[in-house]
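[1] Quick one, fold the following:
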Amino acid sequence: MTETNKIHPAITVNNIKNFIPITLEMEKSQYSFWSGLFQIHCRAYEVLDHIIPAPADSSSSTTTPPTPPPASNPSWERLDAIVLQWIYGTISHDLLRTIFKPDATAPTSLGSIKGHFQDNKNSRAVHLQHQFANTRIDNFPDASSYCQELKNLADQLGNVGAAIEEDRLVLQSLTNII
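    Have a look, this model is predicted:
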């Protein structure tokens, strides 16, 4: 088979949920986790250039970006549409309504998603810190569920740059148990 007849690996993905099992939601701070999984998937299926522009050649004096290729490239357009389908298939309906633009490309859609989650880091951090401080063990069926919720909130705080130190996490856990 010649190189021009080769099927691109991205075309073979039937169900993105098999590879990215979470749904990115506006209410949850799981953007870093979702983004990491999405990048791994795009790297594995050879479409990373559709979400992360290749760095400009440092030896070149031109400042034109190397990606995306011209819009007249049908192969690139098809792969970009596939990546868009992956994005849309792994985000909540509310987030989709927020970022959807009819003629968007994968990089512009991901930029919108990133902006949504990273432009309001401070307010997210305050909200999550409030949730963390007010999480009580009596609202959970067992200690394991309670600890998992605290870990989840601590991870979300870390994702917005407001990490909780382990000592504070242990102290909070003990305080809420007593």
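
[2] What is the neighbour count of Glu149?
    By the criterion of other C-beta atoms under 10 Å, Glu149 has 16 neighbours. For glycine as for every other residue, the C-beta is placed from the backbone atoms N, C-alpha and C.

[3] What are the structural domain limits within this structure?
    According to automatic domain parsing, the chain is divided into the following domains: 3-118, 121-177.

[4] residue nearest the centroid of the protein?
    The C-alpha lying nearest the average C-alpha coordinate of the chain belongs to Ser35 (C-alpha atoms, centre = their mean; 2.6 Å).

[5] Wait, that residue touches Lys114, no?
    Yes - taking C-beta atoms under 8 Å as the contact criterion, Ser35 and Lys114 are neighbours in contact, 7.5 Å apart.

[6] shaky segments in this structure?
    Under the criterion pLDDT under 70, the flagged ranges of the chain are 1-5, 29, 53-72, 165-178.

[7] 50 instead, please
    Low-confidence segments of the chain, defined by pLDDT under 50, span residues 1-2, 58-67.

[8] now the helices for it?
    With DSSP state H, the ranges of helices along the chain come out as 31-44, 74-89, 93-99, 106-118, 121-133, 143-159, 166-177.

[9] TSV please, covering the ones you listed and showing distance to Pro21.
    Compiled in TSV, these are given as follows (distance: least, C-beta to C-beta, whole Å):
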stretch	distance to Pro21
helix 31-44	8
helix 74-89	12
helix 93-99	17
helix 106-118	18
helix 121-133	23
helix 143-159	16
helix 166-177	26
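
[10] Distance of the spatially closest residue to Asn159 that is not a sequence neighbour relative to Lys114?
    Leaving out its chain neighbours, the residue that sits closest to Asn159 by C-beta to C-beta, 6 or more residues apart in numbering is Ser32, at 4.3 Å. To Lys114, Ser32 is 10 Å away according to C-beta to C-beta, to the nearest Å.

[11] before we move on, what about Asp142?
    From Asp142 to Lys114 the distance is 36 Å (C-beta to C-beta).

[12] These two: which is more packed in?
    Lys114 (13 against 9).

[13] and Thr12, how many neighbours?
    When neighbours are counted by other C-beta under 10 Å, Thr12 registers 8.

[14] distance of it from Asp80?
    Computed with C-beta to C-beta, the distance linking Thr12 and Asp80 is 17 Å.

[15] With Val126 instead?
    Computed as C-beta to C-beta, the Val126 to Asp80 distance reads 37 Å.

[16] for Phe132, same thing?
    From Phe132 over to Asp80 the distance is 39 Å, taken as C-beta to C-beta.

[17] So which of those two has more stuff around it?
    Asp80 (24 against 21).

[18] Right, I'll leave it there.
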